[in-house]
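In: no letters, just coordinates:
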DNA sequence: TTGACATGACACCAAATGGTGTCTTACAAT
DNA sequence: ATTGTAAGACACCATTTGGTGTCATGTCAA
């Protein structure tokens, strides 16, 4: 299942380190409003809000309004696409593969 | 181990779908020169070359000159960083976690 | 009801991104 | 020796990105 109606590529969403930190914070604390997330970063509220929008477009966060604040919550399931992708290449950095690379290096035409 | 002298963030390098296709092609064929990679894409040689440079900066490809061609080879090991990162969040999309999300959704304040 | 707070929605800007085309150099082949 | 191919190095350009500041709206609290 997971979310397929994502406007934005998940790989794109996690490319930015600020967004990865946001994911981490939301993983730790379950649900957080913008004004509690902002002071964790050295940038303005608007910038953090934009990053959260991008995460939302990728389906990585949900948001819900509670009073005057908007609380953000992690939805990690789109990350399964990343895990599947990277899992495929796992076999290419096994110890055997590193050995093969060394051999090719030494050969050097 | 793996490569730590990378100029560019691995997450950044794999954010682009063209570069992910390049990684796939190099995983399939072990070693390929630029002029064989280029026709796989709907863009010019220069653009493909730039993408390969970015992959190189992230340590994801090696290149070696053979005659007048430059052959590119995959080095998947920096992808372990991605696998480690995404692996941490695996527990957040287990079936139990999805159930919890549903409950929070229904509650809805 | 007045004032402070949280956020959304813009407009704006500099720098990075992802393409293009051209020129030059190196190498291969005839 | 000449010609064609492979690729590096640029200059160039449009669009996107990642930040800023400001203004408007909605909500809480005194």
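Out: Perfect, I can see it now. Predicted model only: the values in this text are computed from it and were never measured. Residues are numbered from 1 along each chain as shown, chains lettered A, B, ... in the order given.

In: from DNA strand C, how far out is the spatially most central residue of chain A?
Out: Taking Cα atoms, centre = their mean as the criterion, residue A:14 is the residue nearest the geometric centre of chain A, at 3.4 Å. Remark: distance between residue A:14 and DNA strand C (Cβ to the nearest atom of the strand, to the nearest Å) = 14 Å. Where you see a C-beta, it was placed from the backbone N, CA and C, and this is true even at glycine.

In: show me where chain A has strands.
Out: A:32-33, A:61-66, A:69-74 (DSSP state E).

In: lowest mean pLDDT among the helices and strands of chain A, which one is it?
Out: Among the secondary structure pieces of chain A, namely its helices and strands, helix A:95-107 has the lowest mean (mean pLDDT, DSSP states H and E), a mean of 62.

In: show me where chain A has helices.
Out: Counting by DSSP state H, the segments of chain A that form helices are A:10-13, A:17-29, A:34-37, A:45-57, A:79-89, A:95-107.

In: and the fifth one, what's buried?
Out: I take that to be helix A:79-89. Taking 16 or more other Cβ atoms under 10 Å in any protein chain shown as the neighbour-count basis, helix A:79-89 is seen to contain the buried residues A:79, A:80, A:81, A:82, A:83, A:85, A:86, A:89.

In: reformat the residues you listed as JSON lines; add distance to DNA strand D.
Out: As requested, the buried residues of helix A:79-89 are exported to JSON lines (distance: Cβ to the nearest atom of the strand, whole Å):
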{"residue": "A:79", "distance to DNA strand D": "18"}
{"residue": "A:80", "distance to DNA strand D": "22"}
{"residue": "A:81", "distance to DNA strand D": "18"}
{"residue": "A:82", "distance to DNA strand D": "17"}
{"residue": "A:83", "distance to DNA strand D": "22"}
{"residue": "A:85", "distance to DNA strand D": "19"}
{"residue": "A:86", "distance to DNA strand D": "20"}
{"residue": "A:89", "distance to DNA strand D": "23"}
